[in-house]
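In: Any chance you could fold what I've pasted below:
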Amino acid sequence: MRINYQGQTIANFNGAIAFLDALSIVQETLGHEILPEDVSLEPETKFEVTTAIREKIEDEAGDQASLLGTTADGVQLLLFGFCQLVVKLNAASTLAEVREAAGPFNDLASSFLTKVESGEVKLPFQVKGLESVVEDIESRATAVAEVLGQS
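Out: Next comes the predicted model:
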């Protein structure tokens, strides 16, 4: 990781470094007070880029526990809605009953889709790309399954 002060490289750090630690390094190197906005970090490896992105996500979207909590809430909401739909569809015998089965989550789904389509809500898979996300799911799921299969 390249540590820059006013556009000039002050130090190189092997691996990821917290911004506050980089500020300390620059201040110690220069021997005087500095402004944080004059310091920048420039990742040089894929690991450093990934770490920098994850740190920015944590700063702007929440820590890992918060993100995991939101993910868990989303999965539970989907499971609950899906289970309700399956049970009601299984009992439905008319088109009206099928529509009624979808009713409880229709307003929520319509509102959410409108926000996504307008750009008010952005989903990470849209930025990362569907193929990339599916490849990640496939490779991680397979790796976990292989470990579990060896246990």
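
In: For the most centrally placed residue in the chain, give me its contacts.
Out: Nearest to the mean C-alpha position of the chain, by CA atoms, centre = their mean, lies Pro124 at 6.2 Å. Contact analysis of Pro124 by CB atoms under 8 Å, 6 or more residues apart in numbering lists Val133. Backbone N, C-alpha and C define where each C-beta goes, glycine included.

In: How about the one 4 residues further on?
Out: The neighbourhood of Lys128, defined by CB under 8 Å, 6+ apart, contains no residues.

In: what packs against the top helix by length along the chain?
Out: The single longest helix within the chain, with elements called by DSSP state H, is helix 64-91. On a contact count with 3 or more CB pairs under 8 Å, 6 or more residues apart in numbering; DSSP states H and E, helix 64-91 meets helix 46-61, helix 95-118.

In: so which of the ones you listed comes closest to Val39?
Out: Across the helices and strands packed on helix 64-91, the minimum distance to Val39, taken as CB to CB, is reached by helix 46-61, at 13.8 Å.

In: Cool, thanks, talk later.
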